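1. Whatever this is, show me its structure:
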Amino acid sequence: MNTEPEISQVEEDENNGDIPLINEKFIQCIWNKLQSSNWIINKTSDIPKDLKKKHIIYIVYCFVWKKNEFLKIGISKSGHSRLSTHINQTSGVLEYHISGDEDFTSFIEKDGKKEFIKKYCLIQFYRFNDKEVEIFTKTQKNEELKKWQNYWGIYKKAGNGGPVEYVEMPIEKILIENGLMKYYSQYKRDL
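-> The predicted structure follows:
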C-alpha cells in the first residue's frame with residue numbers, strides 16, 4: 001500500500017475551496033506512516049546521526065502506563081536533539097510530566113529519572129519527506145492557514161516547532177478526544 005500523499009491529491013485538494021492541504025486524508029497518511037515506522041528507540045546511540053536538521057513526528061509509549069496508549073506525541077525540526085533530550089530526561093515537557101507524575105514515582109525512585117525512558121519507554125518516530133515538508137510549509141500562508149484553522153477548529157499559529165506543528169496539532173487533538181494521551185501540550189498536567 002502506497003502511503004505517500006500524491007501530488008495529484010494535494011493539487012486536487014488545493015483546488016477544492018475550503019479543504020486545506022493538511023486535511024483528514026493527509027493526517028491519516030502521516031499517522032499510518034508513524035505507526036508503521038521501523039524507527040523505534042530508547043537509547044541515544046540508536047538515533048540516526050542524519051536527523052540533526054530533519055523534521056520528525058514521534059510518539060512515546062510506556063510499558064508501565066496501562067490506562068492510555070501513549071504518553072506523548074511530539075514534533076521537531078531538529079529530530080536528533082529532541083529525541084536525545086527526551087531519552088536523557090534533561091528537559092522538556094515529557095521530563096516535566098514524568099518527574100511530577102505519581103503514577104511513575106515508584107519507578108523513578110527505584111531507577112532514577114534519567115533511566116525511566118530508557119528502561120520503561122519506547123519512542124517511535126517518522127522522518128518527514130521533502131513533499132510533506134513542502135505541504136506543511138505552505139500551511140503558514142494566510143489563506144491556507146485560515147482553511148486549516150476552520151477545518152480542524154484549532155485557531156492558533158505554529159509556535160517554536162515551526163510549520164510541522166500543523167501536522168502535530170490535529171493528531172494530538174484526535175488522540176485526546178479518544179482518550180489515548182496522558183500528556184499533551186495544550187493543557188497543564190492533570191494529575
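2. When you work out contacts or count neighbours from here on, use the C-alpha atoms and nothing else.
-> OK.
3. Show me which residues of stretch 159-178 are buried.
-> 162-173, 175 (16 or more other C-alpha atoms under 10 Å).
4. can you list the residues that contact it?
-> 22, 27, 31, 55, 57, 73-77, 133, 136-137, 139-140, 152, 154, 158, 181, 184 (C-alpha atoms under 8 Å, 6 or more residues apart in numbering).
5. Just the buried ones from those, in ChimeraX syntax?
-> Buried residues among the contacts of stretch 159-178 (16+ other C-alpha under 10 Å), as a ChimeraX selection:
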select :22,27,31,55,57,73,74,75,76,77,133,136,139,140,152,158,181,184
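6. any chance of the buried residues of stretch 159-178 in CSV, plus secondary structure?
-> Formatted as CSV, the buried residues of stretch 159-178 follow (DSSP: H, G, I helix; E, B strand; the rest coil):
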residue, secondary structure
162, helix
163, helix
164, helix
165, helix
166, helix
167, helix
168, helix
169, helix
170, helix
171, helix
172, helix
173, helix
175, helix
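7. Okay, helices next: where are they in this protein?
-> 7-14, 24-36, 79-88, 93-99, 105-111, 113-120, 130-138, 142-152, 165-177 (DSSP state H).
8. What is the burial count for residue 96?
-> Burial of residue 96, expressed as a neighbour count using other C-alpha atoms under 10 Å, amounts to 13.
9. And for residue 129?
-> So residue 129, with other C-alpha under 10 Å, has 12 neighbours.
10. again, but for residue 127
-> Using other C-alpha under 10 Å, residue 127 has 21 other residues around it.
11. contacting residues for residue 72?
-> 59, 60, 61, 94, 181, 182, 183, 184.
12. brain fart, residue 158
-> Contacts for residue 158 (C-alpha under 8 Å, 6+ apart) come out as 140, 164, 165, 166.
13. And the closest residue to the first one other than its chain neighbours, how far from residue 134?
-> Closest residue in space to residue 140, ignoring its immediate chain neighbours: residue 163 at 6.4 Å, by C-alpha to C-alpha, 6 or more residues apart in numbering. The gap separating residue 163 from residue 134 is 10 Å, by C-alpha to C-alpha, to the nearest Å.
14. just residue 148 next, same as before
-> Counting by C-alpha to C-alpha - residue 148 and residue 134 are separated by 15 Å.
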